[in-house]
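In: Just a sequence and a predicted model for now, questions to come.
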Amino acid sequence: MAVERTLTILKPDCVRKNLIGEVTRRIQEAGFQIVAMKMTRLTRETAGGFYAVHKERPFFNDLVEFMSSGPCVPMILEKKNAVADFRQLIGATNPAEADEGTIRADFADSLGENIVHGSDSVENGKLESAYFFSESEVVLVKS
Ligand code: CMP
């Protein structure tokens, strides 16, 4: 299996619930290396830009409102098979459908406020990572 990178965002609900530590612990315990990390607050414009692929969807305005409602913590994660393994760790987008023991099943309130984002492909992970981090903000880790 190839070493991959994926982009996650600990969303504003994760930060408000004081879950940065617990969610980060689970991510690290699952074997992901954090190669970039920051706390930031998206504006409506930057949140809309990040989720531009959804701009025609009925939930777009609520999504932008929520993602700009408070600070969030984007990270780039590295691991073998990172994209699929991370989506397994966080569970289905809708927490009501997420497997027991996943991050969303344990902590998310709703489809809209679902604690974490995870890239859906290596290619999108690269695009999404570049949205938050310059190359100089990504560290080299020993594998
Ligand atoms: P995320 O993986 O960050 O990508 C897009 C987000 O839109 C998704 O998580 C959900 O939090 C949010 N969302 C809100 N409503 C819907 C919906 N009906 N279908 C898919 N995603 C939705």
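Out: Yes, it's here. All figures in this text were calculated on a predicted structure; none of them were measured in a lab.
In: contacts, neighbours, all on C-alpha from now
Out: Fine.
In: pLDDT below threshold where in this protein?
Out: 142-143 (pLDDT under 70).
In: interface residues of it facing the ligand?
Out: Phe59, Leu63, Thr93, Leu111, Gly112, Glu113, Asn114, His117, Gly118 (CA under 6 Å from any ligand atom).
In: Filter the residues you listed down to just the ones in helices.
Out: Among the residues of the chain next to the ligand, the ones falling in helices (DSSP state H) are Leu63.
In: Tell me how far Arg44 lies from Val64.
Out: Remark: distance between Arg44 and Val64 (CA to CA, to the nearest Å) = 6 Å.
In: does the closest residue to Phe132 other than its chain neighbours sit in a helix, a strand or a coil?
Out: Nearest residue to Phe132, sequence neighbours excluded (CA to CA, 6 or more residues apart in numbering): Pro74, at 7.2 Å. For Pro74, the assignment made with DSSP: H, G, I helix; E, B strand; the rest coil gives strand.
In: Tell me which residues touch Pro74, please.
Out: Leu7, Thr8, Ile9, Leu10, Met37, Lys38, Met39, Thr40, Phe132 (CA atoms under 8 Å, 6 or more residues apart in numbering).
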